[in-house]
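Undergrad: model the structure of this input:
(one chain, ligands or ions: 1)
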Amino acid sequence: MNRTIQSALISVFYKDGLEPVVRKLHELGVTMYSTSGTQTFIEQLGLPCTSVESVTGYPSILGGRVKTLHPKVFGGILARRDFEGDRNHIAEYEIPLLDLVIVDLYPFEETVKSTTDDKAITEKVDIGGVSLIRAAGKNHADVCIISSRTQYEGLVSLLNEQVGVTSLADRKRYAAAAFAECAHYDVAIADYFNREADNSPFQLSYGNKQSLRYGENPHQKAAFYGDLDELFTKLNGKELSYNNLVDVDAATQIIAEFQKPAFAIIKHTNVCGIAERDTVEHAWEAALAGDRESAFGGVLITNQPITMSAAQKINELFFEILIAPSFDADALELLKTKKNRNLLQQKKTFFPAREYKRILNGVLVQDGDTQNYAEWTEAGARPSTEAEKQDLLFANIVCKHLKSNAIAIVKDKQLIGKGCGQTSRIDALRQALDKANQFGFSLTGAVMASDAFFPFDDCVKMAHAAGINAVIQPGGSVRDKDSVAYCQENGMVMVMTGTRHFKH
Ligand SMILES: NC(=O)c1ncn([C@@H]2O[C@H](COP(=O)(O)O)[C@@H](O)[C@H]2O)c1NC=O
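TA: Numbering: from 1, shown residues only. Have a look, this model is predicted:
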């Protein structure tokens, strides 16, 4: 059933973007009712607006906590136009019918992000606005609900096209969005109030659906829910794919660990090249040299601005995505010459505080792996030298970002060999040694990191035979003493961290 909009209740927190809407409503002869701040805004535009107070006969009380919460407002929204009983009540209590409700809620999530003041946050729990949205959504048979300022443009187009008339399909679509808005808002509130509760339910609500071309494979439908614009500015390239996003996530997490100039190359979420150097250009060269073969088609990330000299070298490689905090103008121009290449300017570092994973018929939730090591116990034949310590720290971080079982071999802050996703630790080491040999790296003076303890002394033996003399691992095996004894007897450094970094 079509409905002509003759009256509207408008109560919005942010007034920006509202002007074209109220001008259009005025042009259509719609009677506008508003709460105080919104009324002032509309009147300052020179448009007539009736206060909600004049409808309810009450002033806004308790500092605005109660302003629209009144039968004369909710009666006008909830009344079923084709119910005689409802029509009689409307007439008897002189309730103005409301055909359109426009609400923009108090910014609860923004307030949580901007302050820790519990009172200020609690005050931003919108009561009246949510009630208006729910009421109008429920009575979508007669009333149209606009529940977010992101819908203003669409509403103006609709009012233009249909000259102030809404169809049932329009109102249903807006009602669906309205209930989603309320659900999202309530999840944010519940999350805040349950942040320290042990038995809090697991609930997540992400708006901003972005449909993807497909999922991990072309036959899988997929979408991303989140706000990429908060993290990146896209400077060039085609739409990011599902697999691209997964790799961008892995890339941003590993680069967040480095303060000095570093460059990392990611393939299928694993880092295949990474180095720390004095400049971005040198970091790039060293990262690439670590595994020139795997780097092809990779996702590249650095924590430094991309200079022209770095761009000229990066430009020689076929890659999918390059992420950097900024790009020099000439560097950007050069890199943009390939139109499908994604260039992302990272606005802020990102490391997840919580991780989620669907398993069986539920969800696993855990803290992000923010810790690098709990202790630094030198258990080998001698303590590590300063240079070894730097490489051991580096290797430990790299290993943390590889799929288990993982081994990382590092020399002079350059990853020269890695083994990951292996079903045995010794296989991971074999893979890492093969990689180092493939590119002709000498292993003398290199260090080795393991994401979890050595169950046997076979890994330290194999590493030693290859020329590696410093090892970092969490420890914790019932047979730790075998590996430790071997290191002690063979002049090797062995650091125990007490922190395992499984990544399944
Ligand atoms: N308490 C109420 O009766 C009430 N009715 C509407 N609001 C909110 O008040 C805001 C608009 O207020 P104003 O027009 O005074 O700037 C909107 O965000 C709306 O969601 C209310 N405030 C919070 O609950």
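
Undergrad: when you work out contacts or count neighbours from here on, use the C-alpha atoms and nothing else.
TA: Noted.

Undergrad: pretty sure residue 205 contacts residue 190?
TA: No: in this structure, residue 205 is not within contact of residue 190 by Cα atoms under 8 Å, at 11.1 Å.

Undergrad: next one: phi and psi at residue 139?
TA: Dihedral pair for residue 139: phi -100, psi 40, per degrees, to the nearest 10.

Undergrad: next, count neighbours for the nearest residue to it once chain neighbours are set aside.
TA: Excluding its sequence neighbours, the residue lying closest to residue 139 (Cα to Cα, 6 or more residues apart in numbering) is residue 78, at 5.7 Å. Other residues lying near residue 78 total 24 when counted by other Cα atoms under 10 Å.

Undergrad: 55 is where my numbering starts, stick with that
TA: Sure, I'll start numbering at 55, so the last one becomes residue 132.

Undergrad: what helix or strand is the residue of the stretch 205-354 of the chain found nearest the ligand located in?
TA: Nearest residue of the stretch 205-354 of the chain to the ligand: residue 236, at 11.3 Å (Cα to the nearest ligand atom). Assessed by DSSP states H and E, residue 236 sits inside helix 222-247.

Undergrad: the ligand contacts on the stretch 405-554 of the chain?
TA: Contact residues, the stretch 405-554 of the chain versus the ligand (Cα under 6 Å from any ligand atom): none.

Undergrad: show me where the stretch 405-554 of the chain has strands.
TA: 408-413, 416-421, 431-432, 461-465, 468-473, 501-504, 524-527, 547-550 (DSSP state E, counting those that start in this stretch).

Undergrad: each with direction, which strands does the shortest one pair with?
TA: In its sheet, strand 431-432 lies beside strand 547-550 (antiparallel), with partners assigned from DSSP bridges.

Undergrad: mind checking how far the partner strand is from the chain centre?
TA: 36 Å (Cα atoms, centre = their mean, to the nearest Å).

Undergrad: contacting residues around that strand?
TA: 429-438, 523-529, 538, 541 (Cα atoms under 8 Å, 6 or more residues apart in numbering).

Undergrad: ok, now stretch 187-200?
TA: Here stretch 187-200 has contacts from 55, 57, 128, 131-135, 152-157, 201, 206, 209, 220, 222, 224-226, 228-230, 232-233, 236, using Cα under 8 Å, 6+ apart.

Undergrad: and for stretch 497-507?
TA: 442, 445-446, 449-450, 453-454, 458-466, 490, 517, 520-531, 534, 554-556.

Undergrad: not including adjacent chain positions, what is the nearest residue to residue 230?
TA: residue 191 (7.5 Å).

Undergrad: and the one you found, how far is that from residue 57?
TA: For residue 191, the distance to residue 57 equals 15 Å [Cα to Cα, to the nearest Å].

Undergrad: between these two, point out the one with more neighbours.
TA: Per other Cα under 10 Å, whichever of residue 191 and residue 57 has more neighbours is residue 191, with 28 against 17.

Undergrad: which strand or helix spans the more buried one?
TA: Residue 191 belongs to helix 182-192, assigned by DSSP H and E.

Undergrad: name the strands paired with the helix or strand following that helix and say parallel or antiparallel.
TA: The element immediately downstream of helix 182-192 (helix or strand, assigned by DSSP H and E) is strand 198-200. Applying DSSP bridges, strand 198-200 is found paired with strand 154-158 (parallel).

Undergrad: send me the strand it pairs with as CSV with only the CA atoms.
TA: The C-alpha coordinates for strand 154-158 follow below in CSV (Å, rounded to 0.1, in the frame of the first residue of the first chain):
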residue,chain,number,x,y,z
LEU,A,154,7.8,9.5,8.5
VAL,A,155,10.3,9.2,11.4
ILE,A,156,13.9,10.3,11.0
VAL,A,157,16.4,9.5,13.8
ASP,A,158,20.1,9.6,14.1
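
Undergrad: list the buried residues for stretch 92-111?
TA: 92, 93, 95, 96, 101, 103, 104, 105, 106, 107, 109, 110 (16 or more other Cα atoms under 10 Å).

Undergrad: specify the local secondary structure of the third one.
TA: In terms of secondary structure, residue 95 is helix; the call rests on DSSP: H, G, I helix; E, B strand; the rest coil.

Undergrad: excluding sequence neighbours, find me the nearest residue to it.
TA: residue 69 (7.3 Å).

Undergrad: and the second one, by the same measure?
TA: Closest residue to residue 93 apart from its sequence neighbours, by Cα to Cα, 6+ apart: residue 103 at 6.1 Å.

Undergrad: before we move on, back to that, give me the buried positions along the helix holding residue 236.
TA: Quick answer for helix 222-247 (16+ other Cα under 10 Å): 222, 224-226, 228-229, 231-236, 238-243, 245-246.

Undergrad: that'll do, ta.
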